[in-house]
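Visitor: got a sequence here, can you build the structure:
(chains A and B)
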Amino acid sequence: MNGIVDCNSFYCSCERLFRPDLWDRPVVVLSNNDGCIVSRTDEAKSLGVDMAVPYYQCREVMERHGVSVFSSNYHLYGDMSMRVMDTLRFLMDDEDGGHERVEVYSVDEAFLDLRHIPAAQLHEFSLRLRTVVEEWTGIRVSVGVASTKLLSKVANKLAKKEKIKTNCVMVLDTEDAVFEALQRTEVGDLWGIGRRYAVKLRDYYGIQNAWQLRQMPEEWARKNLGGVVGVRLIKELRGEPCIEMKDPLEQKKMIATTRMFGTPVYDLQPLKEAVATYTARAAEKLRRQCSAAGSVDVFVVTSGDASGQYEYDPHSDHRYSILPNPSSVTHELMRYVLPLVEQLYRPGMKYLKAGVILGRLVPEGAIQGNLFVPAPENRNGALMDAIDNLNFSMRDDVVKYLASGLTRNWKMRQELRSRRFTTRWGELHEVK
Amino acid sequence: MDGEIFFGAAYRGTKQYTQHQVRTASATGFGAATDDYAERGIDLNEQLVRNKPATFFMRVSGDAMVGAGIFDGDVVIVDRSLKPSTGKVVIATLDGEMLIRRFERTMNKIRLVPETPKLAPIDVDLGAEFSVWGVVTYVIHAL
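Guide: Below is the predicted model:
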């Protein structure tokens, strides 16, 4: 059987951990730049606060109801996520080792391979996972268990809908249970079905719930539901596992770093500094997984016109370069990235966002030489190691390239951020 | 502290080297004898952090626990995976506030006892919003 563990309103749960005064109060967390609501508690939900709504639109309603609002505190969430995943790995462990049985799917979700748990004990085991994770980390999770990943997602969603009745655990271990669960699940709520498909399925084919979708033939899915992806979806609904557990050590094929600017950028210099900073961050991630990049892609997002401040009509543009030899050295990558920024820049435009995507990743040890361009003699490995070690142990990018700038006026806004309770000595929680 | 170590220390060190990379061995062969015994230095995490995902650090503000050797400004190490029992120092939540106190459970009531004559013990009402956040395992105090 497969399971998925999903943290309940994860960012809000992290904010509540050190704030018992908020345990029964509505809480929301805002996205980068305090733009939109990205996490909300059930109390906020019942006040009618919607996800992905711009903060300024619902600010008044939230103030009236005393909703506590936080900026994203990624240091805290990242640390809490690691604690949840470590706890799961510990609980999934036995002689064979539990590390391969936990696939971290996102910051607040992990798939579990539960084949080693006897069917009769699945429910009890899931309850234990839930209880221990909450006891150890203070984060509440929901557990869905079924024969496939897709069905376990369905179970998880239903468990979350009725937290008290289900105790946040749902195991679909009989045909009847699967039938009932799929009947209660709208197609739009299925993992992998976007809003566009949901509308198409409902209005064009008259398919409302997941059970109806499951009755459709595979050939139909191949034609009308995105080819192989659609076929896999139908099979998973029928209980045939098609989406395998991923190797947690599998390396990424692409690394992207993108951010909204805290305040719009108009000049070339700050734009280059921002992109240089993202390049340094992406290169750090690249080296962490021991890869080198063979291409760099820079993109910028501008607002439609420079004067209209409230008109959000973004346009994006990008340029890319292919490197003669793959590299993981920050300044080597910057050499190709920065000219692209110059090419992209148009005076008078209002820049809202920029990003760097490193592609064509290869393992660092096995860089294939370019027949026509001599490989650099020195890969600057020791220098990069030194920079990475300093920045890791001393934090806050103590060593950075001058190209990244010194002032960083474009840095994102986080006016309502809580303290980094678990990662900084200077920001520990105080007890009386 | 009692109890078994069931989750390793936070920081496993960076000393992943082989014998060949040890540089103290000079051309004359001196130093080679100690190289045979090269190992990682003492790491406080091994001693102080028994269950990493459940361990949190907090700073004490005030004199509530001076009698227990916990002073204003000290750092306490809190383990959420331990069950509170009478006599343990705990981080408790009471009506929305977090407090560090000694935990006392008798037949039908729970008391939070400070270690200073300046404060009175708190009898936890049945109706109060109360929980034990974690058990304090160590205190870090600068002399």
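Visitor: tell me the domain ranges of the chain?
Guide: In the absence of a named chain, chain A is used. Taking automatic domain parsing as the criterion, chain A consists of the domains A:80-126+A:140-237, A:255-404.
Visitor: not quite, I wanted chain B
Guide: Taken from automatic domain parsing, chain B resolves into B:1-50, B:52-140.
Visitor: can you lay out those domains as JSON lines showing mean neighbour count and distance to residue A:383?
Guide: In short, each C-beta sits where N, CA and C put it, glycine included. Converted to JSON lines, the domains of chain B look like this (neighbours: other CB atoms under 10 Å in any protein chain shown; distance: least, CB to CB, whole Å):
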{"stretch": "domain B:1-50", "mean neighbour count": "11", "distance to residue A:383": "17"}
{"stretch": "domain B:52-140", "mean neighbour count": "17", "distance to residue A:383": "32"}
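Visitor: ok, of those domains, where does mean pLDDT dip lowest?
Guide: Note on those: lowest mean pLDDT is at domain B:1-50, with a mean of 60.
Visitor: which SS class is residue A:13?
Guide: Classification of residue A:13 using DSSP: H, G, I helix; E, B strand; the rest coil returns helix.
Visitor: now, of the domains of chain A, which is deepest in the fold?
Guide: Of all those, domain A:80-126+A:140-237 carries the top mean neighbour count, a mean of 18, counting by mean count of other CB atoms under 10 Å in any protein chain shown.
Visitor: ok so, going back, out of the domains of chain A, flag the one nearest chain B.
Guide: Comparison of the domains of chain A against chain B by CB to the nearest CB identifies domain A:80-126+A:140-237 as nearest, at 3.8 Å.
Visitor: what about that closest one, start to end distance?
Guide: 32 Å (CA to CA, to the nearest Å).
Visitor: pLDDT on it, on average?
Guide: The average of the pLDDT scores along domain A:80-126+A:140-237 is 90.
Visitor: sorry, back to before: could I get the domains of chain A as a markdown table with distance to residue A:54?
Guide: Converted to a markdown table, the domains of chain A look like this (distance: least, CB to CB, whole Å):
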| stretch | distance to residue A:54 |
| --- | --- |
| domain A:80-126+A:140-237 | 19 |
| domain A:255-404 | 9 |
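Visitor: give me every residue in chain A lying close to chain B.
Guide: Contacts of chain A with chain B, taken as CB under 8 Å from any CB of the partner chain, map to A:18, A:20-21, A:23, A:82-84, A:86-87, A:90, A:135-138, A:389, A:421-422, A:425, A:428-432.
Visitor: coming back round to it: between the domains of chain B, which gets nearest to residue A:201?
Guide: Nearest to residue A:201, of all those, is domain B:52-140, at 41.2 Å by CB to CB.
Visitor: is the closest one up against chain A anywhere?
Guide: Yes. Shown here: domain B:52-140 in contact with chain A (CB under 8 Å from any CB) through B:52-54, B:56-62, B:64, B:75-76, B:80-81, B:91, B:93, B:96-100, B:129, B:131, B:133.
Visitor: got the contact list for the nearest residue to residue A:160 once chain neighbours are set aside?
Guide: Excluding the flanking residues, the one nearest residue A:160 by CB to CB, 6 or more residues apart in numbering or on different chains is residue A:142, at 4.7 Å. Applying CB atoms under 8 Å, 6 or more residues apart in numbering or on different chains to residue A:142 gives the contacts A:5, A:6, A:8, A:130, A:156, A:159, A:160, A:163, A:168, A:169.
Visitor: over to residue A:231?
Guide: By CB under 8 Å, 6+ apart, residue A:231 lies in contact with A:218, A:221, A:222, A:225.
Visitor: take the residues of chain A next to chain B and keep only those in strands.
Guide: Secondary structure assignment by DSSP state E places A:429, A:430, A:431 of the residues of chain A next to chain B in strands.
Visitor: so the last one makes contact with residue B:98?
Guide: Yes. In terms of CB atoms under 8 Å, residue A:431 counts as a neighbour of residue B:98; the distance is 5.1 Å.
Visitor: direction included, what does the helix or strand that contains the residue nearest to residue A:160 pair up with?
Guide: Using DSSP states H and E, the element containing residue A:142 is strand A:141-146. Sheet pairing of strand A:141-146 (DSSP bridges) gives strand A:2-7 (antiparallel), strand A:169-171 (parallel).
Visitor: quick one: distance of it to the chain centre.
Guide: 19 Å (CA atoms, centre = their mean, to the nearest Å).
Visitor: just how off-centre is the helix or strand just after that strand within its chain?
Guide: Using DSSP H and E, the helix or strand that follows strand A:141-146 towards the C-terminus is helix A:149-161. In terms of CA atoms, centre = their mean, the centre of helix A:149-161 is set 19 Å apart from its chain centre.
Visitor: quick one: residue A:179 and residue A:220, what's the gap?
Guide: Going from residue A:179 to residue A:220 by CB to CB, to the nearest Å gives 21 Å.
Visitor: quick one: residues in contact with stretch A:207-221.
Guide: The set of residues external to stretch A:207-221 that reach it, using CB under 8 Å, 6+ apart, is A:154, A:179, A:181-187, A:189-190, A:201-202, A:206, A:230-231, A:233-235, A:237-238.
Visitor: these in helices, which ones?
Guide: Using DSSP state H, A:154, A:179, A:181-183, A:201-202, A:230-231, A:233-235, A:237 are the members of the contacts of stretch A:207-221 that sit in helices.
Visitor: which residues of chain B fall in helices?
Guide: For chain B, the helices defined by DSSP H cover B:32-35, B:44-48.
Visitor: could you dump stretch A:128-142 to CSV, C-alpha only?
Guide: Only the C-alpha atoms of stretch A:128-142 are listed here, as CSV (Å, rounded to 0.1, in the frame of the first residue of the first chain):
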residue,chain,number,x,y,z
ARG,A,128,0.8,6.3,15.2
LEU,A,129,2.5,8.3,12.5
ARG,A,130,0.2,11.2,13.1
THR,A,131,0.5,11.1,16.8
VAL,A,132,4.2,10.8,17.0
VAL,A,133,4.8,13.6,14.4
GLU,A,134,2.6,15.9,16.4
GLU,A,135,4.2,15.0,19.7
TRP,A,136,7.7,15.4,18.5
THR,A,137,7.5,18.4,16.1
GLY,A,138,4.2,20.0,17.1
ILE,A,139,3.0,19.8,13.5
ARG,A,140,-0.4,18.2,12.8
VAL,A,141,-0.5,15.9,9.7
SER,A,142,-3.1,14.0,7.8
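Visitor: before I go, just wanted to say thanks for your time.
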